[in-house]
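Asks: Turn this into a model:
(chains A, B, C and D)
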2 protein chains.
Amino acid sequence: MLRLSKKIEYALISILEVEKHANLEPVSAKFISRRYNIPGELLGKVLQTLVRNNILNSVQGVKGGYALSRSLGEISMLDVMEAIDGPVALTACIDGDFNNCDQYPSCNIRVSMEVVQNDLEIFFAGISMQDLKTKSNNIFIISEMDKLKSANKKNLFREKIN
Amino acid sequence: MLRLSKKIEYALISILEVEKHANLEPVSAKFISRRYNIPGELLGKVLQTLVRNNILNSVQGVKGGYALSRSLGEISMLDVMEAIDGPVALTACIDGDFNNCDQYPSCNIRVSMEVVQNDLEIFFAGISMQDLKTKSNNIFIISEMDKLKSANKKNLFREKIN
DNA sequence: TTAAATACGATAAATTTAGTCCTATTTATG
DNA sequence: CATAAATAGGACTAAATTTATCGTATTTAA
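Replies: Okay, here's the model as predicted:
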């Protein structure tokens, strides 16, 4: 549930690795594939997709490879997620195909799911690749105060369950 | 990407419907199934799972059905998600099976994914079923200020892409 | 000219999700 | 006390999605 796809993991891993070579030669898919034990052909596609979405630049031919097209701070997790797997959509109807949902006509959660979806996008837009690099807790969009508030709320529920 | 499962949609829909009958007789799976066009047998399983997780109470036999076991304000979206699909886990290793991940030994995103995962749990723990009922924007854990901040950040990225 | 690299469409394999089938048990009601 | 309507739940099938591979074309440094 809410699992990131392997392709997104590969993308995140690769972006951080590419950044490490910022001043050096572009990094090849094969290098990253070996370094992180990622299937080569699949990784190629992932990196190509990142290029199409202006997150990476590529150089073709021998000695070719990939480099960042902007700084880590200017790439959000949402950017990567949307680049690889398309728009984040909590439900099918948000994705536009309400025809494909048998609950659409009577649905009682559609509107609120749109709100949640919107907040979720803001959540992931607020996490930059630089944040992931520095593993920092504090730059994420949820303020410490809110965290505490929510954590308390959560514990309250847990008590009631157990 | 990040799509809620149909079972979770069914759970959320059902909880809100059950609440509408709070003072009346318990609601049957068949009633909800017809009202929202949800496959009956599957819905049954979903509701049974919610009972096992102390979100609903059930009454067996003729005139039986389901009722809330606590108020909407005391049920978070995270509660429902975890009840139906098990622990939220952004990655396989967070879910405990790092053996199943070929990147585990060399992974450069594992630690930060744990942080993101933690924040994400707080995010969904901060949304109650009462929030979903009232479709309110403002009770969600992301404060308006943070929203604005993030929205600006997001737009900045968008500009750079287009 | 060759070899190492990106680019990308098509397809196959694996996994997960969604839905069905079947049987058992509970209980209000005629 | 028999029946019908309801929950409970295991086993299985079908569908959809995700993951990975195959094959071919193009680019370019040496």
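Asks: where do the helices sit along chain A?
Replies: A:6-20, A:29-36, A:40-52, A:77-85, A:110-125, A:129-134, A:144-161 (DSSP state H).
Asks: looking at the ones you listed, which one has the lowest mean pLDDT?
Replies: Lowest mean pLDDT within these: helix A:144-161, at a mean of 38.
Asks: can I get the helices of chain A in CSV with mean neighbour count and distance to chain B?
Replies: (C-beta placed from N, C-alpha, C; glycine too.) CSV is the format used below for the helices of chain A (neighbours: other Cβ atoms under 10 Å in any protein chain shown; distance: least, Cβ to the nearest Cβ, whole Å):
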stretch, mean neighbour count, distance to chain B
helix A:6-20, 21, 5
helix A:29-36, 18, 5
helix A:40-52, 17, 11
helix A:77-85, 22, 4
helix A:110-125, 20, 4
helix A:129-134, 20, 4
helix A:144-161, 14, 4
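Asks: Distance to DNA strand C for these - can I get that in CSV?
Replies: What follows is those, written out as CSV (distance: least, Cβ to the nearest atom of the strand, whole Å):
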stretch, distance to DNA strand C
helix A:6-20, 10
helix A:29-36, 4
helix A:40-52, 4
helix A:77-85, 13
helix A:110-125, 14
helix A:129-134, 19
helix A:144-161, 23
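Asks: and B:E19, which of those helices is closest to it?
Replies: Nearest of these to B:E19, taken as Cβ to Cβ: helix A:110-125 at 13.6 Å.
Asks: what packs against that closest one?
Replies: In terms of contacts (3 or more Cβ pairs under 8 Å, 6 or more residues apart in numbering or on different chains; DSSP states H and E), helix A:110-125 is packed against helix A:77-85, helix B:110-125, helix B:129-134, helix B:144-161.
Asks: hey, C-alpha coordinates of it in CSV?
Replies: Included here for helix A:110-125 are C-alpha records, laid out as CSV according to Å, rounded to 0.1, in the frame of the first residue of the first chain:
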residue,chain,number,x,y,z
ARG,A,110,-14.7,11.7,-4.4
VAL,A,111,-14.6,15.4,-3.3
SER,A,112,-12.6,14.7,-0.2
MET,A,113,-10.2,12.5,-2.0
GLU,A,114,-9.4,15.4,-4.3
VAL,A,115,-8.5,17.4,-1.3
VAL,A,116,-6.3,14.7,0.1
GLN,A,117,-4.7,14.2,-3.2
ASN,A,118,-3.9,17.9,-3.4
ASP,A,119,-2.3,17.9,0.0
LEU,A,120,-0.4,14.8,-0.9
GLU,A,121,1.0,16.5,-4.0
ILE,A,122,2.1,19.4,-1.8
PHE,A,123,3.7,16.9,0.6
PHE,A,124,5.9,15.3,-2.1
ALA,A,125,6.5,18.6,-3.8
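Asks: contacting residues for the residue in chain A that DNA strand D sits nearest to?
Replies: Among all residues of chain A, A:G61 sits closest to DNA strand D, at 1.9 Å; criterion: Cβ to the nearest atom of the strand. Applying Cβ atoms under 8 Å, 6 or more residues apart in numbering or on different chains to A:G61 gives no contacts.
Asks: Likewise for the one 3 residues further on?
Replies: With contacts defined as Cβ under 8 Å, 6+ apart, the neighbours of A:G64 are A:P26, A:S28, A:S58.
Asks: Excluding sequence neighbours, find me the nearest residue to the last one.
Replies: Of all residues beyond its chain neighbours, the one nearest A:S58 is A:V51 (4.7 Å), with distances taken as Cβ to Cβ, 6 or more residues apart in numbering or on different chains.
Asks: now that neighbour: how far from B:G126?
Replies: 37 Å (Cβ to Cβ, to the nearest Å).
Asks: on that earlier part again, between the helices of chain A, which one is closest to B:K45.
Replies: helix A:144-161 (20.0 Å).
Asks: one step back: quick check: the residue nearest to A:S58 vs B:L12, distance?
Replies: 38 Å.
Asks: cool, A:V27 as well?
Replies: 43 Å.
Asks: ditto for A:G96
Replies: 20 Å.
Asks: tell me the contacts of A:I13?
Replies: Counted by Cβ under 8 Å, 6+ apart, A:I13 has contacts A:I32, A:Y36, A:I38, B:Q103, B:C107, B:N108, B:I109.
Asks: so A:L72 touches A:S128, yeah?
Replies: Yes - with contact defined as Cβ atoms under 8 Å, A:L72 reaches A:S128; the gap is 6.4 Å.
Asks: Compare neighbour counts for the two and give me the winner.
Replies: A:S128 (22 against 18; other Cβ atoms under 10 Å in any protein chain shown).
Asks: Mind listing residues that contact stretch A:70-84?
Replies: Residues outside stretch A:70-84 that contact it (Cβ under 8 Å, 6+ apart) are A:4-5, A:7-8, A:11-12, A:15-16, A:19, A:46, A:49-50, A:52-55, A:68, A:88, A:121, A:124-130, A:132-133, B:1-2, B:116, B:153-154, B:156-157, B:160-161.
Asks: How about stretch A:15-22?
Replies: Outside stretch A:15-22, the residues within contact range by Cβ under 8 Å, 6+ apart are A:27, A:32, A:35-36, A:50, A:55-56, A:66-68, A:72, A:75, A:80, A:129, A:132-133, B:108-109.
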